[in-house]
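J.: sequence first, then the predicted structure:
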Amino acid sequence: AVLILLGPPGAGKGTQARMLEQKFGLVQLSTGDLLRAAVAAGTEAGKAAKAVMEAGDLVSDDIVIAILRDRIAEPDCARGVILDGFPRTTVQAEALDKLLAENGQKVNAAISLEVEDAEMVTRISGRYTCAMCGEGYHDQYKQPKLDGVCDKCGSTEFSRRADDNAETVASRLEAYHEQTAPLIDYYKDRGVLRKLDAMGQIDQIAHGLESIVGDAM
Ligand code: AP5
Ligand code: ZN
């Protein structure tokens with residue numbers, strides 16, 4: 001199955017994708033994570049993407065599509081994928097449809113996580129992750145059970161993203177409204193759009209998502 005999590009920055013795409021990955025044995029494909037890895041590794045794509053990401057703008061379609069195309073071709077993705085943060089433009093959505101069609105596949109569901117702008121700013125500014133395993137946390141909403149120790153792997157090292165500051169968040173929201181929100185109609189027209197209220201608790205949203213994903217698979 002090919003599932004897409006659509007939604008603004010901070011909507012909880014990464015948090016939910018990681019939970020769905022475990023529950024359904026799908027592979028989470030986050031273009032944000034792939035780009036951050038490229039930046040850290042200093043590849044050509046990473047060098048081109050670094051300043052754009054720090055400014056909160058979208059990386060060029062060519063770079064993102066190339067990165068996604070390479071990753072989705074890896075054998076583990078045959079189990080089914082959950083796309084987190086891709087596609088983000090109409091050009092990317094069309095490229096994805098074409099890529100999938102070449103392999104006799106299609107998008108099974110595009111799930112739009114609906115969150116108000118003010119809530120996204122709160123979620124993003126309190127976010128941090130485990131530096132070892134990548135588990136996500138939040139200053140108010142999701143703290144480790146034992147103070148300063150990752151629930152998943154026991155690490156005591158955490159990090160915050162370079163683009164999680166108030167100024168960049170405003171640009172990221174603007175990019176979402178201008179370039180990504182039109183995809184809601186794109187998938188509606190293709191009959192695969194599902195909307196989910198994502199203002200509630202993490203577990204409550206996970207529950208709603210599980211039934212949508214269960215139906216789509
Ligand atoms: P990317 O990494 O995709 O970031 P994003 O879209 O801005 O999304 P986030 O990771 O910020 O949010 P999320 O929805 O995953 O929320 P999370 O689960 O962490 O992209 C980064 C940059 O890379 C882009 O700006 C762009 O430059 C580039 N890029 C990436 N893909 C691209 C593409 N396809 N094309 C072009 N450029 C691309 O949750 C946030 C916080 O809230 C966490 O702390 C979490 O614990 C907490 N939380 C989650 N759910 C809840 C809840 N229900 N209640 C309370 N707290 C919650
Ligand atoms: Zn960890």
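T.: Okay, I see it. Ligands and ions are numbered 1, 2, ... in the order given.
J.: which residues touch the residue of the chain found nearest ligand 1?
T.: With C-beta to the nearest ligand atom as the measure, G32 is the residue of the chain nearest to ligand 1, at 1.8 Å. Any C-beta I mention is one placed from the backbone N, CA and C, and that applies to glycine too. Shown in contact with G32 (C-beta atoms under 8 Å, 6 or more residues apart in numbering): 14, 84-85.
J.: and it, that's in a strand?
T.: No: secondary structure of G32, determined by DSSP: H, G, I helix; E, B strand; the rest coil: helix, with no strand assignment.
J.: check the gap between it and A38 for me.
T.: Applying C-beta to C-beta, to the nearest Å, the value for G32 to A38 is 11 Å.
J.: flag every residue of this protein that's near ligand 1.
T.: On the criterion C-beta under 6 Å from any ligand atom, ligand 1 has as its neighbours in the chain the residues 7, 9-15, 30-32, 35, 52-53, 56-59, 64, 85-86, 88, 92, 123-124, 126-127, 136-138, 141-142, 163, 172, 201-202, 205.
J.: and S155, how close does it get to Q179?
T.: With the distance defined as C-beta to C-beta, S155 ends up 35 Å from Q179.
J.: please, where are all the strands along this structure?
T.: 2-6, 27-30, 81-84, 109-114, 127-130, 136-138, 158-159, 193-197 (DSSP state E).
J.: who in this protein is up against ligand 2?
T.: 130, 132-133, 135, 150, 152-153, 155 (C-beta under 5 Å from the ion).
J.: OK, contacts around the most centrally placed residue in the chain?
T.: Computing the C-alpha centroid of the chain and ranking residues by C-alpha atoms, centre = their mean puts D84 first, at 2.8 Å. D84 makes contact with 5, 13-14, 17, 28-32, according to C-beta under 8 Å, 6+ apart.
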